[in-house]
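Q: Sequence first, predicted coordinates after that:
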Amino acid sequence: MTIAADFSILESQKEFVRRYRQHREEEPRLPMLTSACPGWVRYAERVLGHPITPHLCTAKSPQQIMGSLVKDYFARRQNLSPDKIFHVIVAPCYDKKLEALREDVPTALHSSRGADCVLTSGEIVQIMEQSDLSANDAVVDTLFGDVKEEEVRRHEGASSEGYLAHIFRHAAKELFNEDVGALTYRSLRNKDFQEVALERDGEVLLRFAAAYGFRNIQNVVLKLKRGKFPYHFVEVLACAGGCLSGRGQAQAEDGRADRALLRQMEGIYAAIPVRPPETSAHVQELYQEWLGGADSPRAQAALHTAYQGPGQPASSRDIKW
Ligand code: SF4
């Protein structure tokens, strides 16, 4: 999934720079709001609609890109018809099941669905407990090249894929020729609403925010609708605390989030080394071999999506979890 997230972040970075350059008072292209969290995207599409949806980044989420990689690139490499592959994704929330049913995903490159089944990590635990399986029974396969488990890399950010940090650095370099090291976040109303700014000679060049959880999302939407919006970019996640606190993650026996487990997951995740998406040789290779170049029409079709507005009929498959 890290490779799919690499694509998603790289495409988001390019889109942000493009939007920044095209932004005009009379034709606003900013702020750009992230689109990797299906809980947030569904809310934006089904409830908010215009004027919020034009601000959603059009880059597909890592899960959607993984679907294209498996059912298009991997299927062709294995000389298999995509419908001969059953693609299962393990996710932190139930919203990812609904995301797998988005109608535009299969039509972009192939007729088969990108993900055939999405299981939450909590469901995996249940299945393993019921069938007496342990993690040691699973052999780790490699899909792209021969990445070993100890070579797994992550993106910056613990509870998200680190869109904010990667896009901030890229934009600072690309737009203002500034090299940004460690990011200094400022907490606003609470720890799930933070901002980071790039300043030069007292002038704010870039102001980004991270807003997690519906309380903070409501606040962002309200400000945006009122036209008093100080941010160029917002990383939006529906769950307070981000994906490690997703409702599909393993829970304590009383059904609440298991805080000790959460701290353990944060520790394990933080121990994985960070690799910026630009430095992945696999991704650069795939841009050429799979998509015919980073700016090709094929890359656009495979890596970008469009959004619906409210009032459009819900897919009848939406409710079949
Ligand atoms: S923030 Fe929550 S709803 Fe959004 S992708 Fe993460 S776990 Fe799912």
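A: Thanks, I have the structure now. Residues are numbered from 1 along each chain as shown.

Q: alpha carbons only for contacts and neighbour counts from here, please
A: Will do.

Q: ok, which stretches of the chain are strands?
A: 32-33, 88-91, 117-120, 186-187, 193-200, 203-212, 233-237 (DSSP state E).

Q: Please identify which of those strands is closest to the ligand.
A: Among the strands of the chain, the nearest to the ligand by Cα to the nearest ligand atom is strand 233-237 (4.2 Å).

Q: Pull up the pairing partners for that closest one, direction included.
A: In the sheet, strand 233-237 lines up against strand 32-33 (parallel), strand 203-212 (parallel) (DSSP bridges).

Q: Now do the shortest one, average pLDDT.
A: So the one you mean is strand 32-33. For strand 32-33, mean pLDDT rounds to 98.

Q: same thing with stretch 260-275?
A: 88.

Q: what does the protein have sitting close to the ligand?
A: Taking Cα under 6 Å from any ligand atom as the criterion, the chain approaches the ligand at residues 37-39, 92-93, 95, 237-239, 242-243, 246.

Q: Of the residues you listed, which pair is most distant in space?
A: 95 and 242 (13.4 Å; Cα to Cα).

Q: I'd like the strands paired with strand 233-237 as TSV, with mean neighbour count appended.
A: What follows is the strands paired with strand 233-237, written out as TSV (neighbours: other Cα atoms under 10 Å):
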stretch	mean neighbour count
strand 32-33	24
strand 203-212	20
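
Q: Which one of the strands of the chain has the poorest average confidence?
A: With a mean of 91, strand 186-187 has the lowest mean pLDDT of those.

Q: And the pLDDT for the spatially most central residue of the chain?
A: Among the residues of the chain, the one closest to the centroid is residue 36, at 3.0 Å (Cα atoms, centre = their mean). We note a pLDDT of 95 for residue 36 in this prediction.

Q: For the stretch 51-200 of the chain, which segments count as helices?
A: Assigned by DSSP state H, counting those that start in this stretch, the helices in the stretch 51-200 of the chain fall at 62-68, 75-77, 95-99, 104-109, 121-130, 163-176.

Q: just to revisit the earlier point, would TSV of the strands of the chain with distance to residue 306 be doable?
A: TSV is the format used below for these (distance: least, Cα to Cα, whole Å):
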stretch	distance to residue 306
strand 32-33	14
strand 88-91	22
strand 117-120	22
strand 186-187	32
strand 193-200	27
strand 203-212	22
strand 233-237	18
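
Q: For residue 15, which of these is the nearest?
A: Closest among those, using Cα to Cα: strand 32-33, at 8.8 Å.

Q: about what we covered before: from residue 133, how far out is the residue nearest to the centre of the chain?
A: Applying Cα to Cα, to the nearest Å, the value for residue 36 to residue 133 is 31 Å.
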